[in-house]
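Student: Provided below are the primary sequence and the corresponding predicted coordinates.
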Amino acid sequence: MRRIFLSAGLALLALAPVAHAQQGGAAAVPASDALEVMLLKISASSRCSDGCAVRGLPYSAQRVTESVKVLADGNRIVQRHTEKLYRDSDGRTREESEWKGKPLVQIQDPVAGMSYRLYPDTKTGYRMAIAAPAPAATSGAAVTGSTAAAAGATRVAEQLSPALAGGMAAATTQIRSLGTKQIDGMTAEGTQGTTTTPAGAIGNVQPMVSTAETWIARDLRVPILLKMDHPFMGESVTRLQDISRLEPPTALFTVPADYTVRDVARR
């Protein structure tokens, strides 16, 4: 799901200066790491849009994404991607996935106000202060239509190529409520966002329509089901599986002492 196609030019524009290394002195960010730093900036600017500001609702789960893209010649590209998710009672989140075929750990810590992107194979990483957090949600907070749509819209944006950047400014989005339904024994509230890119915005002859359907688990305040249909990316379905409501170990949300982590300044 985190397969993001971005140009080197866009990556360099988002590259922030490195303040210092956790071990050693100041260090420059290698040009090859520009994309990683840009993705950290995106994460740090998200204001915990995926629910890491939620307090008192710990959980762990697997997030499984299955996608299908049909090519012009009728060929099909079918992919399956699995990530591990954790959230503690203080709202810290951890996501374990892969990046370029290697393990990747991303931590959002709204308590310390830091976002981390860690690479276990080299015991290195980056960290950045997160954007000013949104008001903390609690187990009694209501889920609004805009909140429910945020996760779907974020994932769509993450998968778009730079060629679409101009068209996104001209696109219009309509959001509607889908009500509630039971998903895997949990009550979920649904929202569908439909985005229309007008003809000619990116050289397209006809208008392009993409949809993102998001179902938020009422008892967890996280997306439990996400369905997307995009003319470039194809169709995808993301589900939370193997959900546990137990408190995850505290160590999952801290950086091991033997890691070298560079600080990236916000600007």
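Tutor: Cool, got the structure.
Student: which stretches of the stretch 51-200 of the chain have low pLDDT?
Tutor: Counting by pLDDT under 70, the stretch 51-200 of the chain shows low-confidence ranges at 51-53, 131-169.
Student: show me where it has helices.
Tutor: Assignment of helices within the stretch 51-200 of the chain using DSSP state H, counting those that start in this stretch yields the ranges 145-159, 165-170.
Student: quick one: buried residues of stretch 83-96?
Tutor: Residues of stretch 83-96 classed as buried by neighbour count (16 or more other CB atoms under 10 Å): E83, L85, Y86, R87, D88, D90, G91, R92, T93, R94, E95, E96. Every residue, glycine included, has its C-beta placed from N, CA and C.
Student: would you confirm that the fifth one contacts L246?
Tutor: No: under the criterion of CB atoms under 8 Å, D88 is not in contact with L246, lying 10.4 Å apart.
Student: ok, T194 - how many residues close by?
Tutor: 15 (other CB atoms under 10 Å).
Student: gap between it and Q174?
Tutor: Noted for T194: a distance of 5 Å to Q174, by CB to CB, to the nearest Å.
Student: what about the strands in the stretch 51-200 of the chain?
Tutor: 59-70, 76-87, 93-99, 102-109, 114-119, 124-129, 172-183, 186-197 (DSSP state E, counting those that start in this stretch).
Student: looking at those strands, which one is packed in the most?
Tutor: Burial among the strands of the stretch 51-200 of the chain, expressed as mean neighbours by mean count of other CB atoms under 10 Å, is greatest for strand 114-119, which shows a mean of 22.
Student: list the contacts of that one.
Tutor: 36, 39-40, 43-44, 99, 102-109, 124-130, 255, 259, 261 (CB atoms under 8 Å, 6 or more residues apart in numbering).
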